[in-house]
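Student: got a sequence here, can you build the structure:
(chains A and B)
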Amino acid sequence: MWRQPYFIFGFFILSFFLVGSFVYEWVWGDVPAQTHYLMEDGRAVEAAPISPNWQHPLGTDQYGYDLLGKLMLGAKYTILAALAIAAVRMAIAVPIGYIFGIYFDKQRKLMSSFADSMHYIPLTLFAAYVLTPLLWMPENGFSSTLWERISVQVIIMALLTVPIVSVLIANEAALLRDKEYILAAKTLGAGRLRIIRKHLYPQMREKIAVLYGQQVMETFIILAHLGLLDLFLGGTKVSYDPMFGDPPMSISYEWAGLFGSSFRYLQSAPWLPLVPVLCIGLAIFSVSLMMEGYLRSKNPKIKKAADKRKKIR
Amino acid sequence: MKFLTNFFIAIAGIVLAGSLPILVRGWVEGEWRGRLYVESIRETLEGLWPIGEIAFLNYRAGQEMPLFPNIFAYIVYSLEILFLALLVAFIASLTLTIVTMLLSDSIRERVKMMLYFLESVPDLLIIMLAQLSVIFFFKETGVLISKIAVAGEDQIYWLPVLCLAVLPTIQLYRLSMLTFQEEERQMYVELARALGFSKVYIVLIHMFRNAIISVFFQSKRTMWFMLSNLFVLELMFNLPGIMLFLSGNMHPLGFLVTIFSFFLPMFILYSLGEWFFVSRRHNKAVV
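Tutor: Predicted coordinates for the structure are as follows:
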C-alpha cells in the first residue's frame, strides 16, 4: 500500500491539510489575521474583501479575515467530520448487513425494497430537513455545546444512509454465502458466526474499504451542500437582531461554512466561494487517489474490484 | 404485485422520514419523543384530507396560497430540467462509450482512469464555473449566452440542464464503459467477430442491446445523485422549482408533498423500465 504512488500522493494531500490545520492553530492561534483595508503610499487602495496578494495569498473575506488562515483552521473540522461520519456509518451498516445476509434471508428482500425507496429522497434535502432543528440556532442561543452538536450531527448523518449501505453488504454477503468453500465449511460444522468472521469478512475486506472511501467522498459533497443551505457543521450562528442582523455564520471555520456564507460574492469576489469548494474537491480527489492506490496494492492484476461491486445491485 | 408492495413500502418510508425532525429535536433536548413522533405522523396523514384545502407558504409571493393547482408549475419545471438532463447524460455517455469502444485498449484504460478522477469534481464547482464563465463571456463580448439566475417568473433551461448533466454523464460514461467491456468478453461477441462482422456493427447492434439493460439497472444511483444536484442547482440559479418550494415549507406535510411529487414519476419510470427489460429477457429465454 505504501509503495503505491497514488496512495502516497492522496495521503500526502489529506494529511497536509490535517497536520497543517493543527500546526496553524498551535502557532498562530485560532483567529485568522484580519486586515480591514490595504494601504499604499498612505492611502487606502482596497477594502475588504481584499483580492489575493502577497500578504494574503488567497485574499480576505468580507470582514477582512485572511482566507488561507480560515481554510487551514477549518480543515480539521471538515476532514475529520467526513471521516468520522463514514466510519460510524460503516460500523453500523457492516454488522447489520452481515446479519441480514446470513441470518434473515427472507427479510433481506423486504429491506432491499425499503432501501430502494430511499433512492428517491435526495440525500441533501433529507439531511437538511432532519438537521435543521439541531443546527439552526434558536432565538435564545444553543442549549448544547459545540462538541455535543458535532457528535449528534455525525451520528445522524451516518444513520441517514445506513439502510442503503447495509443492503449492499447484505447482498454481497448473500452472494458469497452460496460459494462452495463456504458450503464445505458449513458441512464441516462451522457456525454462522465463524463463517462471518473467518470467511466472509476477509473476502470482503477490500470491498468494505472501497465502500468506506466512497462514503467519505459522498459525505464531503453533502457537507458542502448543507453549507449552501446555511447549515454548518456544529451549528449555525443566527443573529435575531432585527436591525443589524449579521448573516448566518459558521461557528467553526469549517469549509462548507466558508463556502455557504460567501457564495453570494461569486461575482464581486470569486475567490471567496471558489477556494473552499476547490479544497473540498481536492479532499475528495485525494480520497479517490488513496482508494485507487489501495486497490492496486491489493491486486495488481485485477484492479477492477471496485467496479465489480457495482454489479451486485 | 411486487410493484404495489414496493410502492407502499416506499410511501411508508417517506411518511416515517417526514416526522424525523421531531425525534431529532427531542434528542437535542435530551428526551425521547416517541409519542409526539407518532402524533405528528397521524396529523400529517390527517392533514392530507381534504386535499384541496392544503395551503403553503409561497416563497416568492410571501403569503399563503392553496397547494393545488399552484404546485404543478413547480413540479413540471423541476421535472423538465431533471429529465432533460438525464436524457442529455444518457445520450452523451452512450455515444462517447460507443466511440471509445472502437479505440484501442490502452486508450480505453486511460479514458477510464481519467473519468474515475473526474468523478471527484464537486457539482458546486461546476455550477459556479459555469456562472463565472457566462459572466466572463458577457464582459468580454457583450453577448449574454444565458441568464445565470432567475428573477421574477421567467424560466431558463439550457444552462441549468447542462450543469446538471455534466456529472451524470461522467458517471454513466464510466459505468457503461465497464459494462460494454464486460460484454465484450462474452462468447457471442467472439462468434460474431469470427463470422466477420465489423467492430462497429458488433458494438452498435449486438453489444449495445445487451449492455443497455445493465446500464439501466445501475443508473439508479446516478439518478439519486442527480436529485441532490438538482436541489443545489435550483438554489444557485434561483430556479422556481419544487426543491425551492420545500425550503420555504420545512414541515412534514411540505416534505411529504415535495418528495412525493418527484418520487411518483421516477418510480413509474423505473418500474416500467424494469418490467420492459425483464419481460424482454424472459421472452428471449423462451425462444
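Student: how about the residues of the stretch 151-287 of chain B by chain A?
Tutor: Residues of the stretch 151-287 of chain B found near chain A (Cβ under 8 Å from any Cβ of the partner chain) are B:175, B:178, B:214, B:217-218, B:220-221, B:223-224, B:227-228, B:230-232, B:235-236, B:243, B:246-247, B:250, B:255, B:258-259, B:262-263, B:266-267. Yep, even glycine has a C-beta here, placed from its N, CA and C like the rest.
Student: can the helix or strand that contains residue A:168 be found next to chain B?
Tutor: For residue A:168, the element it lies in under DSSP states H and E is helix A:162-177. No - Helix A:162-177 lies apart from chain B when judged by Cβ under 8 Å from any Cβ; the minimum separation is 8.7 Å.
Student: can I get the CA coordinates of that helix in PDB?
Tutor: Taking C-alpha atoms only, helix A:162-177 is exported to PDB below (Å, rounded to 0.1, in the frame of the first residue of the first chain):
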ATOM      1  CA  VAL A 162     -27.300   3.100   6.800                       C
ATOM      2  CA  PRO A 163     -30.100   1.200   5.100                       C
ATOM      3  CA  ILE A 164     -28.600   1.600   1.600                       C
ATOM      4  CA  VAL A 165     -25.100   0.600   2.700                       C
ATOM      5  CA  SER A 166     -26.200  -2.300   4.700                       C
ATOM      6  CA  VAL A 167     -28.300  -3.700   1.900                       C
ATOM      7  CA  LEU A 168     -25.300  -3.500  -0.300                       C
ATOM      8  CA  ILE A 169     -23.300  -5.500   2.200                       C
ATOM      9  CA  ALA A 170     -26.100  -8.000   2.800                       C
ATOM     10  CA  ASN A 171     -26.500  -8.700  -0.900                       C
ATOM     11  CA  GLU A 172     -22.700  -9.200  -1.200                       C
ATOM     12  CA  ALA A 173     -22.700 -11.500   1.800                       C
ATOM     13  CA  ALA A 174     -25.600 -13.500   0.400                       C
ATOM     14  CA  LEU A 175     -23.700 -13.900  -2.900                       C
ATOM     15  CA  LEU A 176     -20.600 -15.200  -1.200                       C
ATOM     16  CA  ARG A 177     -22.600 -17.400   1.200                       C
END
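Student: rounded mean pLDDT for that helix, please.
Tutor: If you average the pLDDT over helix A:162-177, you get 83.
Student: which neighbouring elements make contact with it?
Tutor: helix A:67-102, helix A:105-117, helix A:201-228 (3 or more Cβ pairs under 8 Å, 6 or more residues apart in numbering or on different chains; DSSP states H and E).
Student: run the angle between the shortest one and helix A:67-102 for me.
Tutor: Right, the one you point to is helix A:105-117. 150 degrees (axes from the mean of the first three to the mean of the last three Cα atoms, to 10 degrees).
Student: which residue ranges form the strands in chain B?
Tutor: Counting by DSSP state E, the segments of chain B that form strands are B:55-57, B:64-66.
Student: what is the mean pLDDT for the last one?
Tutor: Per-region confidence: strand B:64-66 scores 66 on mean pLDDT.
Student: name the nearest residue to the closest residue to chain A within the stretch 151-287 of chain B, ignoring sequence neighbours.
Tutor: Residue nearest to chain A within the stretch 151-287 of chain B: residue B:227 (3.6 Å; Cβ to the nearest Cβ). Computed as Cβ to Cβ, 6 or more residues apart in numbering or on different chains, the closest residue to residue B:227 that is not its neighbour in sequence is residue A:122, at 3.6 Å.
Student: isn't that neighbour up against residue B:232?
Tutor: No - Residue A:122 is beyond contact range of residue B:232, at 9.4 Å (criterion: Cβ atoms under 8 Å).
Student: which bits of the stretch 101-250 of chain A sit near chain B?
Tutor: Those residues of the stretch 101-250 of chain A that sit near chain B, judged by Cβ under 8 Å from any Cβ, are A:110, A:113-114, A:116-126, A:129-134, A:143-144, A:149, A:152, A:156, A:217, A:220-222, A:224-225, A:228-229.
Student: from these, list just the buried residues.
Tutor: A:113-114, A:116-126, A:129-134, A:144, A:149, A:152, A:156, A:217, A:220-222, A:224-225, A:228-229 (16 or more other Cβ atoms under 10 Å in any protein chain shown).
Student: hey, where'd the helices end up in the stretch 101-250 of chain B?
Tutor: Taking DSSP state H, counting those that start in this stretch as the test, the helices found in the stretch 101-250 of chain B are B:105-118, B:123-141, B:158-184, B:187-194, B:199-201, B:208-237, B:242-248.
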